[in-house]
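Visitor: Please find the sequence and the predicted model below.
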Protein chains: 2
Amino acid sequence: MNVLIVYAHPEPRSLNGSLKDVAVAHLQQAGHQVQVSDLYAMQWKSQLDPADSLAPVQGDRFDPSLDSKYAFENGMQREDIAREQEKLRWADTVIFQFPLWWFSMPAILKGWFDRVYAYGFAYGVGEHNDRHWGDRYGEGTMAGKRAMLIVTTGGWESHYSPRGINGAIDDILFPIQHGMLHYPGFEVLPPLVVYRCGKMDQARFGELTRQLTQRLDNLWHTAPLPYRKQNGGDYLIPDLTLREGLAAGESGLAIHQHKRA
Amino acid sequence: MNVLIVYAHPEPRSLNGSLKDVAVAHLQQAGHQVQVSDLYAMQWKSQLDPADSLAPVQGDRFDPSLDSKYAFENGMQREDIAREQEKLRWADTVIFQFPLWWFSMPAILKGWFDRVYAYGFAYGVGEHNDRHWGDRYGEGTMAGKRAMLIVTTGGWESHYSPRGINGAIDDILFPIQHGMLHYPGFEVLPPLVVYRCGKMDQARFGELTRQLTQRLDNLWHTAPLPYRKQNGGDYLIPDLTLREGLAAGESGLAIHQHKRA
């Protein structure tokens, strides 16, 4: 299997760095091909701007979507963007590993999504008609590929529990797992979340390593999160609201998942 | 009133740029003091890294929290960070204006939060005991200040409705409004969200301008989102789970708001 690890932490000798090293070694030992996009080491450019296209601005002013579309369609993207897209095409599974900063990903990783997810590549894909509203949320360029988050946080597990003050971890990660991964077609595996990462010792790290390698061994067999497909009949088109009768009487982001048996 | 606008869009002549200009002019005309942090124009550094502290790395390796703490406490922060903190101290109200990219903020703005929100300034504030778990979620450095998001998105309003496929806008913005604004003590005003921003014409822009200036006129009188306070008795300490009996039988991120009368 081809595995891409997109990794964002400024300190190689951090917990995140150690977990990434464990993951790479374990996957290679199991015979997989591994590439790592170590965003800090690559000095990844975070901000999306006109320099992302080698073509001149197309309209009378820079338009993030339209200039991205033109550059993507005409092979005029900056080299760093094209290279990451190539890695995504190559990968069967993509692991995103990062510390949760302010309930989201580090800026450098957000900038990876902002820039690599070009118009025509990760959005603006597929036809729009009265039964199909673009290839998205379960369809798209990443269809058939799997993605998984590995996330560390200083907070306690209870703080991220269904009634925890930070918001349930599934809900906090929804903009990422549903909005950035399910959207272009990835099957999203349950995340590996490390809580209280500031309180790590040898025993916990050993246990965590076991948990991580087990997840890696099962990358291809783990049931993905049962997010609903946009064009599968569950949503009205073009309103894209969940059809009456589904998740009746329920609310919150969980309505966008099928109930597990 | 002192108003800080933190603004992130790469094109000054964009809808976002126009709305920002309208806001600045309107606020100044009403006699308010306005400062703008135009992150693209400032070439804001997005990635948090060891260069954010002028002191040498304190431990045996770079620790984002602990090195931030040391730099903050000892006046050793990079100048760009200290300057933004000074603007926050000065402001009575802070407006964050940005296009919604991938269900979150542009990387350059995330990098503003990652870097300006230092340990000792926006987190790691206040005592921890069995009745008070730090000054956060309703208390903290920003207590008494107000914050409001102005957000543009290409998607339709129905796609962000309570049963819309993108997730309800309140839930999608929760990591920002609750996690980045309520956390250090801001009162968070309802956001101004512009849907289908790609379909803008003169008539819609005129209507939008009216809506915006009305919101600005009422900055000080608008009821904030009724997020619960962490240390106000609604959450068990230190588990920080919502006390039994509150929002009974409900689920989703909405449980963290008081019901409006």
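Guide: Looks like it came in fine.

Visitor: need the helices for chain A, in chain order.
Guide: Along chain A, counting by DSSP state H, helices occupy A:15-29, A:64-73, A:79-90, A:107-116, A:169-172, A:174-176, A:202-217.

Visitor: got the contact list for the closest residue to residue A:69 other than its chain neighbours?
Guide: With sequence-adjacent residues excluded and distances taken as CB to CB, 6 or more residues apart in numbering or on different chains, residue A:69 is closest to residue A:119, at 3.8 Å. In this view, the C-beta of every residue, glycine as well, is placed from N, C-alpha and C. Contacts for residue A:119 were tallied using CB atoms under 8 Å, 6 or more residues apart in numbering or on different chains; they are A:65-66, A:68-69, A:72.

Visitor: switch the cut-off to 7 Å
Guide: A:65, A:68-69, A:72 (CB atoms under 7 Å, 6 or more residues apart in numbering or on different chains).

Visitor: And residue A:122, by the same measure?
Guide: Taking CB under 7 Å, 6+ apart, we find residue A:122 in contact with A:141, A:184.

Visitor: Relative to chain B, how far out is the most far-flung residue of chain A relative to its centre?
Guide: Taking CA atoms, centre = their mean, the residue of chain A most remote from its mean C-alpha position is residue A:60, at 33.1 Å. As judged by CB to the nearest CB, to the nearest Å, residue A:60 and chain B stand 8 Å apart.

Visitor: How many residues are close by the closest residue to that residue other than its chain neighbours?
Guide: Closest residue in space to residue A:60, ignoring its immediate chain neighbours: residue B:13 at 7.9 Å, by CB to CB, 6+ apart. Residues lying near residue B:13 (other CB atoms under 10 Å in any protein chain shown) number 12.

Visitor: Look at residue B:13 and report its pLDDT.
Guide: Residue B:13 is assigned a pLDDT of 96 by the prediction.

Visitor: what number of residues lie near the residue in the stretch 151-261 of chain A positioned nearest to chain B?
Guide: Distances between the stretch 151-261 of chain A and chain B by CB to the nearest CB are smallest at residue A:252, namely 2.2 Å. Each residue near residue A:252 was counted by other CB under 10 Å, and the total is 22.

Visitor: Residue A:20: what's it in contact with?
Guide: A:5, A:7, A:97.

Visitor: Could you pull up the residues touching the second one?
Guide: Put plainly, it is residue A:7. A:20, A:36-39, A:97.

Visitor: Which of these sits closest to residue B:200?
Guide: residue A:39 (33.9 Å; CB to CB).

Visitor: And that closest one, how far from residue B:113?
Guide: According to CB to CB, to the nearest Å, residue A:39 and residue B:113 sit 18 Å apart.

Visitor: do residue A:179 as well
Guide: Applying CB to CB to residue A:179 and residue B:113 gives a distance of 18 Å.

Visitor: which residue packs closest to residue A:18, ignoring adjacent ones?
Guide: residue A:205 is the one closest to residue A:18 (CB to CB, 6+ apart), at 7.4 Å.

Visitor: Tally up the residues packed near that neighbour, please.
Guide: Residue A:205 has 15 neighbouring residues, counting by other CB under 10 Å.

Visitor: what are the phi and psi values for residue A:40?
Guide: Residue A:40 adopts backbone torsions of phi -70, psi -40, taken as degrees, to the nearest 10.

Visitor: roughly how far apart are it and residue B:74?
Guide: Separation of residue A:40 from residue B:74 (CB to CB): 25 Å.

Visitor: These two: which is more packed in?
Guide: A count of neighbours by other CB under 10 Å puts residue A:40 above the other of residue A:40 and residue B:74, at 19 against 12.

Visitor: Closest to residue B:186 out of the contacts of residue A:7?
Guide: Using CB to CB, the contacts of residue A:7 come closest to residue B:186 at residue A:39, 29.6 Å.

Visitor: doesn't residue A:8 make contact with the closest one?
Guide: Yes: proximity of residue A:39 to residue A:8 meets the contact threshold set by CB atoms under 7 Å, at 4.7 Å.

Visitor: Spit out the residues that contact those two alike.
Guide: Common neighbours of residue A:39 and residue A:8, using CB under 7 Å, 6+ apart, are A:108-109.

Visitor: Please narrow the contacts of residue A:20 to those residing in strands.
Guide: Counted as lying in strands by DSSP state E, out of these, are A:5, A:7, A:97.

Visitor: wait, which of the residues you listed is closest to chain B?
Guide: Distances from chain B to the ones in strands among the contacts of residue A:20, taken by CB to the nearest CB, are shortest for residue A:7, at 13.5 Å.

Visitor: Residue B:112 versus that closest one, what's the distance?
Guide: Taking CB to CB, one finds residue A:7 at 22 Å from residue B:112.
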